[in-house]
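> Fold the following, please.
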Amino acid sequence: MRAIVIAGSSRNDGATERLMQDLYQLFALEVVDLNDYSFDYYDYDGKNRGDDFLPLMRKLIDNYDVLIF
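Reported below is the predicted structural model:
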């Protein structure tokens, strides 16, 4: 079973970051930081199709069994 930690905190030096690093060190979990991606607001016309949301979701769904937020 493959697991990944998905971090979405706006602060890169806070408690969430420390917890994420502890999980990485203890369990060798992969980590994805949402701050490294570009997401646009949702629009009904599909003008945001070029952002990182769908490719990232496909990667996560196809490759991991457990998602830790």
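> neighbours of residue 20, just the number please.
19 (other Cβ atoms under 10 Å). For glycine as for every other residue, the C-beta is placed from the backbone atoms N, C-alpha and C.
> Buried residues, the helix or strand containing it. List them.
Assigned by DSSP states H and E, residue 20 falls within helix 15-27. For helix 15-27, burial by neighbour count (16 or more other Cβ atoms under 10 Å) applies to 20, 23.
> Restrict that helix to CA atoms and write it as CSV.
Coordinates of each C-alpha in helix 15-27 appear next as CSV, following Å, rounded to 0.1, in the frame of the first residue of the first chain:
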residue,chain,number,x,y,z
ALA,A,15,3.7,23.2,12.9
THR,A,16,2.2,21.5,9.8
GLU,A,17,5.6,21.6,8.1
ARG,A,18,7.3,20.0,11.1
LEU,A,19,4.6,17.3,11.3
MET,A,20,5.0,16.6,7.6
GLN,A,21,8.7,16.2,7.9
ASP,A,22,8.3,13.9,11.0
LEU,A,23,6.0,11.7,9.0
TYR,A,24,8.4,11.7,6.1
GLN,A,25,11.3,10.7,8.4
LEU,A,26,9.4,8.1,10.4
PHE,A,27,7.6,6.3,7.6
